[in-house]
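Novice: coords please:
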Amino acid sequence: MNKRFKPKFNIKKGDTVVVIAGEDKDLKKPRKVLEVLIDEARVVVEGVNIVTKHTKPNAQNTKGGIVKIEAPIHISNVMLWDAKAGSATKIKRSRENGKLIRISKKSGEVIK
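Specialist: Numbers count the residues shown, from 1 in each chain. Sure thing, here's the model as predicted:
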């Protein structure tokens with residue numbers, strides 16, 4: 001990504017999204033965003049892109065073994081979920097009292 005300007009994304013941590021592309025594509029199952037990696041343009045979504053990671057035994061984890069964790073997917077493969085419309089939606093940004101707010105294009109509701 002371009003290092004000069006910080007990119008602006010419409011998806012934040014804690015939002016509900018649907019996966020619109022890839023192996024875990026499901027347009028009717030909303031999931032929660034666990035983390036947004038801005039520099040890499042990726043998001044970690046709950047229950048999506050599960051990978052197995054082999055861990056060595058250490059002080060915290062005395063056993064070690066194989067652990068399943070969520071790996072990040074590209075931010076273009078997810079869309080914000082609109083609960084009122086019951087489907088994925090695009091976002092419109094506008095200013096209200098000097099603050100940027102996100103508005104759903106389908107239902108017109110403010111996204112918190």
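
Novice: where does pLDDT dip in the chain?
Specialist: By pLDDT under 70, the low-scoring segments of the chain are 1-2.

Novice: contacts for stretch 37-56 next, please.
Specialist: The contact list for stretch 37-56, computed with CB atoms under 8 Å, 6 or more residues apart in numbering, reads 1, 6-7, 9, 11, 17, 19, 22-24, 31-36, 61, 64-76, 78. Placement of C-beta: from N, CA and C, glycine included.

Novice: ok, now which ones touch Asp82?
Specialist: Contact partners of Asp82, counting by CB under 8 Å, 6+ apart, are Ala88, Thr89, Ser104, Lys106, Ser107, Glu109.

Novice: likewise Ala83?
Specialist: By CB under 8 Å, 6+ apart, Ala83 lies in contact with Thr16, Pro30.

Novice: quick revisit: which PyMOL command selects the buried ones in the contacts of Asp82?
Specialist: PyMOL command restricting these to the buried ones, with burial defined by 16 or more other CB atoms under 10 Å:
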select buried, resi 88+89+104
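
Novice: how about the contacts of Asp82 in CSV, adding secondary structure?
Specialist: Listed next are those as CSV, based on DSSP: H, G, I helix; E, B strand; the rest coil:
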residue, secondary structure
Ala88, strand
Thr89, strand
Ser104, strand
Lys106, coil
Ser107, coil
Glu109, coil
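
Novice: hmm, back to that, quick check on the contacts of stretch 37-56: which are buried?
Specialist: Buried among the contacts of stretch 37-56 (16+ other CB under 10 Å): Ile11, Val17, Val19, Arg31, Val33, Val36, Glu70, Pro72, Ile73, Ile75, Val78.

Novice: that concludes my questions; thank you for your assistance.
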